[in-house]
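Undergrad: Build me a model:
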Amino acid sequence: MKLYVGNLSWGTSEESLRSYFTQAGPVTDLRIITDRETGRSRGFAFVTMASEDASKSALQTLNQTDLDGRTIQVSEARGDGGAGGNRPPQVRAFRQDSGNRPYRTRD
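TA: Predicted coordinates for the structure are as follows:
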């Protein structure tokens, strides 16, 4: 199960995050999301645990705990809704009849 980890300190490294999550079980994949232009952390990451039991353990034991001076939030990662890029998920189609509103959102 892939986990979302939010409210990370900008100084949190992949090594320290991996070490922290290893308390709950083996980590198979980890990625701290960074800003494309600055390379600085955006304050969240995705962690994939080796088993379902390890994922559940991480959810129960690491959510709302302190890491590098911040209270992190751990939850099950959700899909992006197919939006892609920087577009919000509610954007569905290009709207040609509006000069200032290029996108139509859900009603």
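
Undergrad: Could I get the phi/psi values of residue 68?
TA: Backbone geometry at residue 68, expressed as degrees, to the nearest 10, gives phi 50, psi 40.

Undergrad: what does residue 20 give?
TA: Here is the backbone geometry of residue 20 (degrees, to the nearest 10): phi -60, psi -40.

Undergrad: show me where the protein has helices.
TA: In the chain, the segments counted as helices under DSSP state H are 14-21, 52-62.

Undergrad: can you redo those as a markdown table with mean neighbour count?
TA: For glycine as for every other residue, the C-beta is placed from the backbone atoms N, C-alpha and C. Below are these laid out as a markdown table (neighbours: other Cβ atoms under 10 Å):
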| stretch | mean neighbour count |
| --- | --- |
| helix 14-21 | 16 |
| helix 52-62 | 16 |
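
Undergrad: So which of those is nearest residue 39?
TA: helix 14-21 (13.3 Å; Cβ to Cβ).

Undergrad: Excluding chain neighbours, what is closest to residue 64?
TA: residue 71 (5.9 Å; Cβ to Cβ, 6 or more residues apart in numbering).
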